[in-house]
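J.: pasting the sequence and the predicted model now:
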Amino acid sequence: MTERRRGPSGWVGCQLGAAALLGLLWAAWPACAQPDLQTIDTRYYVLHTDLDPDGIREVVQRITLMAEEYHERTRGFSGAVNRRLPMYVFRRMEDYVLAGGLPGSAGVFTGDRLMAVAGPATTDRTWHVIQHEGFHQFSRACIGGRLPIWAEEGLAEYFGEGIFTGDSFYTGLIPPERLAEVRAAIRDRKFRPLAFMMHLDHQTWNQEVGQAHERAGYNYSQAWSMVQFLAHGEDGRYQDAFGDFLSSVSGRQPWERAWERVFGSGGEEFETAWREYWLGLSDDPTADLYAETTVATLTSYYARALSQQQRFETFEAFAAAADAGELKAHAEDWMPPDLLKAALQRAPRYGRWSLRTRGRPLLVCERRDGTVLEGQFRLANQRVKSVEVQIRAAGQRGR
């Protein structure tokens, strides 16, 4: 059971104590103080919340794609969700705290339910915490809580950095500011040796979290950096082996034996490769992926407008209608206005934008290196059925 608050050295955990304590707090929550929570059965969760209708729709959209991304990324070693998982999202901090949440925090997984506080409006921090804590809940339900702590927390942070685009959910992103933190920690020797980190147990991790020790923030960043490296480092060199390792551990093989079987005993060589990978990255190594998420997001809104017979001759006309709040969508295809606003603000940094209006409609972003990202979609019965981004290298002809 973990929970994070943003600190100067990354995502710092705050332990609330035993899950049983939270259960007692929940049971003692006075009925007169309880907010009027709606209960909504979603595909993977039972959502209890007092958010307004638009807030509920956004949460349902996000947590559904979030759970499907957990499944997709862990399908080699996790089971399926065979029951809807309980999630509570509160509008007011007071209600969240009375239910057992830590004042000043944004969310917590208690060992059973996931609780989060949205406040007047959800933020990137809100979603990072829900995505992180959601993985702990998924891991408990589908993996059995058998992962070593560095892998459990590293994967939770990996999903925490994911980006929701409306019709998809992207993972594997490296925020430039977090990359800078990792590099500084490596250079200043703030991270533990990987061999020590891998032997760290849950009790020590939680003690450092509970004491709000500076080390806790470094632990989260280091665990994330290990998982990110194993999942995507050196053009995916370690990805299959990492999946094999996680599958063996989730199948109750001792992690030390699984690691040696998959990676061998050369721990120093592995640490050297990990360190050189992070120090050798460009300052914005996943800029192309961030650009893709922006194309995917804007394409989702563009497709919805076209599904309602709303036409635009240029990207500038589409953006102007979006700024004015004039984009249309089928009632069942609603998407959050703030998501559109943020995507439009990011768009200029990634390249030149245009629409292809002849033939199959496309939303196009041409990157400065000549790479072209095409936002494509399928419509049926005035609904959006799918959205995807096709990438063409510089000079490569489109269809």
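T.: Looks like it arrived, so ask away.
J.: quick check: Val364 vs Leu306, distance?
T.: Plainly put, Val364 is 15 Å away from Leu306 if you go by C-beta to C-beta, to the nearest Å. All C-beta atoms are positioned from the backbone trio N, CA, C, and that covers glycine.
J.: all helices for the stretch 151-300 of the chain, in order.
T.: 176-187, 194-199, 202-210, 214-236, 239-250, 255-263, 267-280, 287-307 (DSSP state H, counting those that start in this stretch).
J.: and the contacts of the fifth one?
T.: With C-beta atoms under 8 Å, 6 or more residues apart in numbering as the test, helix 239-250 has contacts from 74, 76-78, 143-144, 146-148, 151, 230-232, 255, 257-259, 261-263.
J.: redo that, cut-off 6 Å
T.: Residues outside helix 239-250 that contact it (C-beta atoms under 6 Å, 6 or more residues apart in numbering): 76-77, 143, 146-147, 230-231, 255, 258, 262.
J.: what does the first one give?
T.: For helix 176-187, the surrounding residues in contact (C-beta under 6 Å, 6+ apart) are 10, 191, 218, 221, 225, 275, 278, 283-284.
J.: domain assignment for the protein?
T.: Taking automatic domain parsing as the criterion, the chain consists of the domains 4-170, 176-280, 287-392.
J.: include mean neighbour count and mean pLDDT when you put the ones you listed into a markdown table, please.
T.: A markdown table is the format used below for the domains of the chain (neighbours: other C-beta atoms under 10 Å; pLDDT from 0 to 100):
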| stretch | mean neighbour count | mean pLDDT |
| --- | --- | --- |
| domain 4-170 | 19 | 83 |
| domain 176-280 | 17 | 92 |
| domain 287-392 | 17 | 97 |
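J.: quick one: end-to-end distance for stretch 66-85.
T.: End-to-end span of stretch 66-85 (C-alpha to C-alpha, to the nearest Å): 13 Å.
J.: just the CA trace of the helix or strand hosting Ile391, in PDB.
T.: For Ile391, the host element (DSSP states H and E) is strand 383-392. The C-alpha trace of strand 383-392 is given here as PDB (Å, rounded to 0.1, in the frame of the first residue of the first chain):
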ATOM      1  CA  ARG A 383     -19.700   7.300 -34.100                       C
ATOM      2  CA  VAL A 384     -15.900   7.100 -34.000                       C
ATOM      3  CA  LYS A 385     -15.000   3.400 -34.200                       C
ATOM      4  CA  SER A 386     -11.200   3.700 -34.100                       C
ATOM      5  CA  VAL A 387      -8.300   6.200 -34.200                       C
ATOM      6  CA  GLU A 388      -4.700   5.400 -35.000                       C
ATOM      7  CA  VAL A 389      -1.500   7.200 -35.900                       C
ATOM      8  CA  GLN A 390       0.500   6.000 -38.900                       C
ATOM      9  CA  ILE A 391       4.200   7.200 -39.100                       C
ATOM     10  CA  ARG A 392       6.100   7.700 -42.300                       C
END
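J.: Arg91 contacts Asp50, correct?
T.: Yes: using C-beta atoms under 6 Å, Arg91 is in contact with Asp50, at 5.0 Å.
J.: before we move on, back to that, for Lys341, which of the helices of the stretch 151-300 of the chain is the nearest?
T.: helix 287-307 (10.5 Å; C-beta to C-beta).
J.: quick one: the closest one to helix 214-236, angle?
T.: Helix 287-307 runs at 80 degrees relative to helix 214-236, counting by axes from the mean of the first three to the mean of the last three C-alpha atoms, to 10 degrees.
J.: and for helix 287-307, what are the contacting residues?
T.: Here helix 287-307 has contacts from 163, 165-168, 170, 173, 327-329, 333, 340, 343, 346-347, 350, 363, 365, 373, 375, 377, 379, 382, 384, 387, 389, using C-beta under 6 Å, 6+ apart.
J.: now, these that are in strands?
T.: If you go by DSSP state E, those have 163, 170, 363, 365, 373, 375, 377, 379, 384, 387, 389 in strands.
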